[in-house]
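> Provide a 3D model corresponding to the input given below.
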Amino acid sequence: MKKTALSLISKIAHVRKVGARALRSIIEALMLEHMFHAPSSKKKRFLIRRSDVQAYINEHVSQELQDKIKNLSLST
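Numbering: from 1, shown residues only. Got it, this is the predicted structure:
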């Protein structure tokens, strides 16, 4: 996982004010497609990038929380 992706995931969790279980569900959602295809794939590794996390945000996070994440990203 890229550090920038991990940083963005932590911002999602912070804005949502969630704990470890919800953080785990965010990471599982990001990995779901990779886990599904892993048994039939010859790849031994995959990488979660910031763009993957941004796609998750666009699909699963309300616009209000997206704005808060954006503001938090701009302030750090």
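
> So which residue is dead centre in this structure?
residue 53 (3.8 Å; CA atoms, centre = their mean).

> Can you list the buried residues in the helix or strand that contains that residue?
Per DSSP states H and E: residue 53 is located in helix 50-60. Under the neighbour-count criterion of 16 or more other CB atoms under 10 Å, helix 50-60 has 50, 52-53, 56-57 buried. For every residue, glycine as well, the C-beta is placed using N, CA and C.

> Tell me which other helices or strands the biggest helix by length in the chain touches.
Of all segments of type helix in the chain, defined using DSSP state H, the longest is helix 20-37. The contact analysis (3 or more CB pairs under 8 Å, 6 or more residues apart in numbering; DSSP states H and E) places helix 20-37 against helix 3-16, helix 50-60.

> And the closest residue to residue 56 other than its chain neighbours, what's its pLDDT?
Nearest residue to residue 56, sequence neighbours excluded (CB to CB, 6 or more residues apart in numbering): residue 30, at 5.7 Å. pLDDT recorded at residue 30 is 91.

> surely residue 30 meets residue 50?
No - here residue 30 does not reach residue 50: they are 11.2 Å apart, not a contact under CB atoms under 8 Å.

> Okay, now the unreliable bits of the chain?
75-76 (pLDDT under 70).

> Swap in 80 and give it another go.
73-76 (pLDDT under 80).

> returning to what we had before: quick one: neighbours of the residue nearest to residue 56, just the number.
Neighbour count for residue 30, taken as other CB atoms under 10 Å: 19.

> And residue 19, by the same measure?
9.

> likewise residue 73?
11.

> For it, which non-adjacent residue is closest in space?
Ranked by CB to CB, 6+ apart and with sequence neighbours excluded, the top spatial neighbour of residue 73 is residue 11, at 6.4 Å.

> I'd like to check which residues are in contact with that neighbour.
By CB atoms under 8 Å, 6 or more residues apart in numbering, residue 11 lies in contact with 69, 72-73.
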